[in-house]
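Q: the sequence isn't on hand, but the structure is:
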């Protein structure tokens, strides 16, 4: 695998054959998830993320996958996530947001559909969202100091931190029973409308992440300060949220 595929399905036979050769009967399932699983796949821009489920015996021999993954990465395939069924079922009360986001957009490539039967308790989703928000608030405060106020570093901090908020906003929409949009901007807008926070701050940060803004150095500093304030307010709001 050395070329970026025109469509994800082009590499499915190679992915399946490689996994079967390495893991044999220990292979239970292969799933493509994320932007690569959507109808709007863009070669070279959309992520090719695979979730691979193995038996307990298979996961103990994970080292055998190293050469296979080295070849895949030449075709722009991201490092895959490896699970066992027991790990998945045991994670739904501690890390539901990750599985909720994986389940949002996926294609079954091989074997058993491990995501279809998953459901998520809003109580655990809220707890993880609050935990993640508080952690990211600390990270942003520390990162802000580390930038020394330099616009380039502030831009980098915004770009690196924003994507994780998209996952949390998707989980917020899930808790309210609202269909999660596929577009990042639509997710931000829908979450802002639903929970009453200022979506424009996060939309402006998304423009910075994409390199599609024209903010001056002073405006970038102001945007980051508003970003920090918005995350802090959202933390308090989620803390008070009753499920």
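A: It's in. Only a predicted model underlies this, so the values are computations on that prediction, with no experimental measurement involved.

Q: shaky segments in this structure?
A: 1-2 (pLDDT under 70).

Q: enumerate the positions of stretch 229-239 that are buried.
A: 230-231, 234-235, 238 (16 or more other CB atoms under 10 Å). Glycine gets a C-beta too; all of them are placed from N, C-alpha and C.

Q: and which of the residues you listed is nearest to residue 159?
A: For those, the minimum distance to residue 159 (CB to CB) is 15.4 Å, reached by residue 231.

Q: tell me which element the closest one falls in.
A: Here residue 231 is covered by helix 217-240, with elements defined by DSSP states H and E.

Q: for that helix, name the packing helices and strands.
A: Using 3 or more CB pairs under 8 Å, 6 or more residues apart in numbering; DSSP states H and E, the elements in contact with helix 217-240 are helix 122-146, helix 151-175, helix 199-210.

Q: and it with helix 199-210, angle?
A: Using axes from the mean of the first three to the mean of the last three CA atoms, to 10 degrees, the interaxial angle of helix 217-240 with respect to helix 199-210 works out to 120 degrees.

Q: how far away from the center of its chain is helix 217-240?
A: Chain-centre distance of helix 217-240: 21 Å, with CA atoms, centre = their mean, to the nearest Å.

Q: now do stretch 62-69
A: With CA atoms, centre = their mean, you get 23 Å for stretch 62-69.

Q: just use 319 as the starting number from now, easier for me
A: Okay, residue one is now 319; in that scheme the one you just asked about reads as stretch 380-387.

Q: the residue nearest to residue 473 when sequence neighbours are not counted and residue 479, how far apart?
A: Among residues not flanking residue 473 along the chain, residue 526 sits closest, at 5.6 Å (CB to CB, 6 or more residues apart in numbering). When CB to CB, to the nearest Å is applied, the distance between residue 526 and residue 479 equals 11 Å.

Q: more neighbours, the two?
A: For residue 526 against residue 479, the residue with the higher neighbour count under other CB atoms under 10 Å is residue 526, and the figures read 21 against 18.

Q: still on that earlier bit, nearest to residue 381, of the helices and strands packed on helix 535-558?
A: helix 469-493 (29.2 Å).

Q: now the angle between helix 517-528 and that closest one, please.
A: 130 degrees.

Q: which helices and strands does whichever helix or strand comes after helix 469-493 pack with?
A: In the C-terminal direction, the helix or strand that comes right after helix 469-493 (DSSP H and E) is helix 502-513. Counting contacts by 3+ CB pairs under 8 Å, 6+ apart, the secondary-structure elements packed against helix 502-513 are helix 469-493, helix 517-528.

Q: turn these into a markdown table, columns for distance to residue 346.
A: Shown next, in a markdown table, are the helices and strands packed on helix 502-513 (distance: least, CB to CB, whole Å):
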| stretch | distance to residue 346 |
| --- | --- |
| helix 469-493 | 25 |
| helix 517-528 | 36 |
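
Q: rewinding a little: out of the helices and strands packed on helix 535-558, nearest to residue 351?
A: When these are compared (using CB to CB), the closest one is helix 469-493, at 12.2 Å.

Q: could I get the buried residue list for that closest one?
A: Of the residues in helix 469-493, those scored as buried under the neighbour-count criterion (16+ other CB under 10 Å) are 469, 472-473, 475-476, 479-480, 483-493.

Q: I appreciate the help and will end here.
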